[in-house]
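Chemist: got a sequence here, can you model it:
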Amino acid sequence: MKLINAIRRSHQLQNKQSQRASGSSRTNRTSIEHYSSMLVIVVLVFLLCEIPDFVLRIWISLHVFFPGLPFPVVLLRTVNVVSNLFLTFNSCVNFLIYCFMGRTFRKILVNMLARRNTGGSRSMRSVRGCVSARGASALGTSLRK
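Modeler: Residues are numbered from 1 along each chain as shown. Model (predicted):
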């Protein structure tokens, strides 16, 4: 909730600043909103995938501290399997989110895979060519260093 509220406050500040500055572009604001929504999705997926493991750990901890509580082993094994499935899913789903939502990520990925298949140089120069001209992304900034 704090993340969503911070993003909303950021959007409000940007709207106020863009109203003052006559030459600000709408594409920059749209890009920031897109990255913000992608960040919210990544965080929500992480939280949803971590909940079963958290519940399992609390359940086991309660049994350790209060031995008289019922301890359904079969149900706990099922929750453990589901928990492991979600943890595994979480480890690969960010890649899919970036592929579906990140145009720059897709361009870089395709360029890197194309270079590998053609036997060309896999230097960072080939990746720099895919970064958008705006250079506003953190990836683009880090590649210029």
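Chemist: least confident secondary structure element in the protein?
Modeler: The weakest-scoring helix or strand in the chain, judged by mean pLDDT, DSSP states H and E, is helix 138-144 (a mean of 41).
Chemist: give me the low-pLDDT residue ranges for the chain?
Modeler: By pLDDT under 70, the weakly predicted segments of the chain are 3, 11, 18-29, 31, 117-145.
Chemist: helices and strands around the lengthiest helix in the chain, which ones?
Modeler: Longest helix in the chain by number of residues (criterion: DSSP state H): helix 26-65. Where contact means 3 or more CB pairs under 8 Å, 6 or more residues apart in numbering; DSSP states H and E, helix 26-65 is packed against helix 2-20, helix 73-101. Bear in mind the C-beta positions are built from the backbone N, C-alpha and C, glycine included.
Chemist: out of those helices, which is closest to Ala114?
Modeler: helix 73-101 (15.5 Å; CB to CB).
Chemist: helix 26-65 and the closest one, what's the angle between them?
Modeler: 170 degrees (axes from the mean of the first three to the mean of the last three CA atoms, to 10 degrees).
Chemist: and the next element down the chain from helix 73-101?
Modeler: Sequence-wise, the next helix or strand downstream of helix 73-101 (DSSP states H and E) is helix 103-118.
Chemist: any buried residues in that next one, and which?
Modeler: Going by neighbour count (16 or more other CB atoms under 10 Å), the buried part of helix 103-118 is 104-105, 108-109, 111.
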